[in-house]
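**Q** give the three-dimensional model of this entry:
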Amino acid sequence: MVIILEYFMIFLIVLMIALALFAIKTKDLLSAVIASGFISLVASIVYLYLQAPDVAMTEAAIGAGITTLIFVVAVRKTKGREK
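**A** You can find the predicted model right below:
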C-alpha cells in the first residue's frame, strides 16, 4: 500500500512539472493560466496527501479557484487589445 502511495506522489510531482513546462512554453495566455490553475489543484492534492487538510483547502480555494478566475477575467478583458 505504501509503495502505491509513493508512486502516486511521484506521479503528482511529475504532473506538476509537466504542467509548469506547458505553462512556460505555450504562447496562449489563457492556456497558461488554466495550466497554472491545475498546478495549484495538484498542489492541494499533494498537501492533502501530506496530511495538511487546512493548507490543501486554502490552496484549492485561493490558488486554483479565485486566482485562476481573476487571471482568466484579466486575460479575456485584455485579449482583444493585443496585436
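**Q** how about the nearest residue to the spatially most central residue of the chain, chain neighbours excluded?
**A** By Cα atoms, centre = their mean, the chain has its centre lying nearest to residue 39, at 1.9 Å. Spatially, and ignoring its direct neighbours in sequence, residue 39 is nearest to residue 19 (4.9 Å; Cβ to Cβ, 6 or more residues apart in numbering). For the C-beta atoms, the positions are set from N, CA and C on the backbone; glycine is no exception.
**Q** right, and the one you found touches residue 40 too?
**A** No. Checked against Cβ atoms under 8 Å, the pair residue 19 and residue 40 is beyond contact range at 9.8 Å.
**Q** show me what the lengthiest helix in the chain is packed up against.
**A** For the chain, the helix with the greatest residue count under DSSP state H is helix 2-25. When contacts are defined as 3 or more Cβ pairs under 8 Å, 6 or more residues apart in numbering; DSSP states H and E, helix 2-25 sits against helix 29-49.
**Q** residues in contact with the helix it packs on?
**A** 5, 8-9, 12-13, 15-16, 19-20, 22-24, 26, 53, 55-57, 59-60, 63-64, 67-68, 71-72, 75-76, 79 (Cβ atoms under 8 Å, 6 or more residues apart in numbering).
**Q** and these, which of them are buried?
**A** Neighbour counting with 16 or more other Cβ atoms under 10 Å marks 16, 19, 22, 23, 56, 59, 60, 63, 64, 68, 71, 75 as buried within those.
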